[in-house]
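**Q** Take this sequence and fold it.
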Amino acid sequence: MVPMKLETALELFGKNPFVHALIIATVFVYLILLIAKPTVAKKSAKDSIRTLKSLMIPIIAALFIAGAIKFLVPSKMLAGFLGEQAGIAAVFIGVAIGSLLPACPFISFPIIAGVYAAGASLVGVMAMLFGSGLAFACRVTCDLMFFNPKVAGARMTLSFFVAVVAGLLVYFII
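**A** Here you go, the predicted model:
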């Protein structure tokens, strides 16, 4: 049984046990780091806080965008293309739709979950998850900013191929 004070503290972070495990693991890693290498622990914490500060606004914006898109995207219509009746085509359609979604799971996952709740098959939903963000404009732009077109093209081609193969595996296993 978890002591009451720890239980109350964990409730501040929601009811998801995976989030609780992540928080406990983080504290554990930093405690070890503080004992073994205190200066590295301090630098790491400062770097993490700096990263958090730089990502806070985009994360908050992403959450609001996800909230809006979830109600703007016609989940029922997409579910129609991805339902059981779609068969193997759900894999290709799911990867194609997923690839156009933002790579950020704070935006794409609520949309995909909405499509699933609207009646899409598990195969279609898994294909959307596998394809999520592959060809999203921001990701392609970053590919081209940091790498040459050959690397960007290879990443996209291989990612699409792997997403389709993974979707087909789900289709044939289920």
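**Q** okay, now V123: neighbour count?
**A** Summarising burial for V123: neighbours were counted as other CB atoms under 10 Å, giving 26. Just so you know, the C-beta spots here come from the backbone N, C-alpha and C atoms, and that holds for glycine as well.
**Q** And it, how far from A79?
**A** Per CB to CB, to the nearest Å, V123 is found 12 Å from A79.
**Q** Grab the nearest non-local neighbour of I107.
**A** Closest residue to I107 in three dimensions, ignoring its sequence neighbours and counting by CB to CB, 6 or more residues apart in numbering: A66, at 4.4 Å.
**Q** so what does the longest helix seen in the chain touch, helix or strand wise?
**A** As far as residue count goes, and with DSSP state H defining each element, the longest helix of the chain is helix 38-72. The elements that helix 38-72 packs onto, with contact taken as 3 or more CB pairs under 8 Å, 6 or more residues apart in numbering; DSSP states H and E, are helix 17-36, helix 105-117.
**Q** in that helix, what's buried?
**A** Under the neighbour-count criterion of 16 or more other CB atoms under 10 Å, helix 38-72 has 41, 62, 65-66, 69-70 buried.
**Q** what's the closest of those to V95?
**A** Nearest to V95 among the buried residues of helix 38-72: I69, at 19.1 Å, using CB to CB.
**Q** my guess is that closest one meets I107, correct?
**A** Yes: applying CB atoms under 8 Å as the test, I69 and I107 come out as touching, 6.5 Å apart.
**Q** what about G67, distance to I97?
**A** Going from G67 to I97 by CB to CB gives 19 Å.
**Q** Count the residues that sit near the nearest residue to R139 once chain neighbours are set aside.
**A** Nearest residue to R139, sequence neighbours excluded (CB to CB, 6+ apart): A103, at 5.0 Å. Applying the criterion other CB under 10 Å, we find 15 residues in the vicinity of A103.
**Q** just the one 4 residues further on next, same as before
**A** When counting by other CB under 10 Å, one arrives at 24 neighbours for I107.
**Q** wait, doesn't it sit right on F64?
**A** No: here I107 does not reach F64: they are 9.6 Å apart, not a contact under CB under 8 Å.
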